[in-house]
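1. Starting from these lines, generate the structure:
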Amino acid sequence: MSLQQTVEDAVRGLGLELVELERSAGGLLRVTIDRPWSPDAPAPAPITVDDCERVTRQLQYALEVQEVEYRRLEVSSPGIDRPLRNAQDFERFLGEMVDIALKAPIGGEAAAGQVAANRKRFRGQLQRGEAAAWRIVWSDAVAAKPGQRVSKRRPAPEVHAMDFDLNELKEARLAPVVDFKGQRSPQQGD
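-> Numbering: from 1, shown residues only. Have a look, this model is predicted:
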């Protein structure tokens, strides 16, 4: 049985799902877990320290039985910049701010003059696409600083959209949008 399968089985046995498994030099085995998501169910509760502790204990036993060599085991939640790995992750976080990196630049003609032809990285709102499965919508306008006055006559920033398929992505993550003052940011779906 592979290491991936061993870890997945142990995590799934506790009612959780494996988000990411990373093996680093020096014997570190890093496991990222989350609660399973279903479109019909309410949003799952966040991962707690107790969840990580339960998974750690279960994995220590399972890895010992499988005779997997490691020095340190680290189990954690995916955090605010959670990686998006498959179609179900994209479905789950529809409408959220995401960071995506394409495998190849979008190219001169495909860019249609909207962005630099060699651009690979984008941050914007995840939506359903028309031509492709998914779409990212963004504006390259610089956000106003807190307390800065903005003229009412200031033109609205230009909004761009790009459709993409999952096989075109090198990486996709939730964009960490942190608000320490308790006010919603206008880029969070307003």
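2. From here on, just use CA atoms for contacts and neighbour counts.
-> Noted.
3. And the lowest mean pLDDT element among the helices and strands of this structure?
-> Taking mean pLDDT, DSSP states H and E as the measure, the chain has helix 108-111 as its least confident helix or strand, at a mean of 52.
4. Can you give me the distance of Glu158 to Gly13?
-> To Gly13, Glu158 is 48 Å away according to CA to CA, to the nearest Å.
5. nearest residue to Met1 other than its sequence neighbours?
-> Gln66 (8.0 Å; CA to CA, 6 or more residues apart in numbering).
6. contacting residues for the closest residue to Ile80 other than its chain neighbours?
-> Distances taken as CA to CA, 6+ apart put Pro176 closest to Ile80, at 5.4 Å, once the chain neighbours are dropped. Pro176 makes contact with 80-81, 97, according to CA atoms under 8 Å, 6 or more residues apart in numbering.
7. Same check on Arg153?
-> Contacts of Arg153 by CA under 8 Å, 6+ apart: none found.
8. repeat for Asp81
-> Asp81 neighbours (CA under 8 Å, 6+ apart): 173-176.
9. Show the buried residues in these.
-> Buried members of those, counted by 16 or more other CA atoms under 10 Å: 173-175.
10. gap between stretch 95-107 and the chain center?
-> 12 Å (CA atoms, centre = their mean, to the nearest Å).
11. and if you look at stretch 6-21?
-> 18 Å.
12. Quote the end-to-end distance of that stretch.
-> Stretch 6-21: ends 11 Å apart by CA to CA.
13. what does whichever strand or helix holds Ala62 rub up against?
-> Assigned by DSSP states H and E, Ala62 belongs to helix 49-65. Helix 49-65 has contacts (CA under 8 Å, 6+ apart) with 6-7, 10-11, 14, 33, 69, 73-77.
14. Nearest to Pro46 among those residues?
-> Ser77 (8.1 Å; CA to CA).
15. which residues in this structure form strands?
-> For the chain, applying DSSP state E gives strands covering 17-23, 28-34, 72-76, 97-102, 121-128, 134-139, 159-164, 169-174.
16. do you know how far Ile80 is from Ala116?
-> Distance, Ile80 to Ala116, using CA to CA: 29 Å.
17. so for stretch 180-190, what's the average pLDDT?
-> The pLDDT scores in stretch 180-190 average 54.
18. Give me the buried positions along stretch 129-141.
-> Quick answer for stretch 129-141 (16+ other CA under 10 Å): 134-139.
19. CSV for those, including distance to Cys52 and pLDDT?
-> Below are these laid out as CSV (distance: CA to CA, whole Å; pLDDT from 0 to 100):
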residue, distance to Cys52, pLDDT
Trp134, 32, 92
Arg135, 34, 91
Ile136, 33, 90
Val137, 35, 90
Trp138, 35, 88
Ser139, 38, 85
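20. Thank you kindly, that will do.
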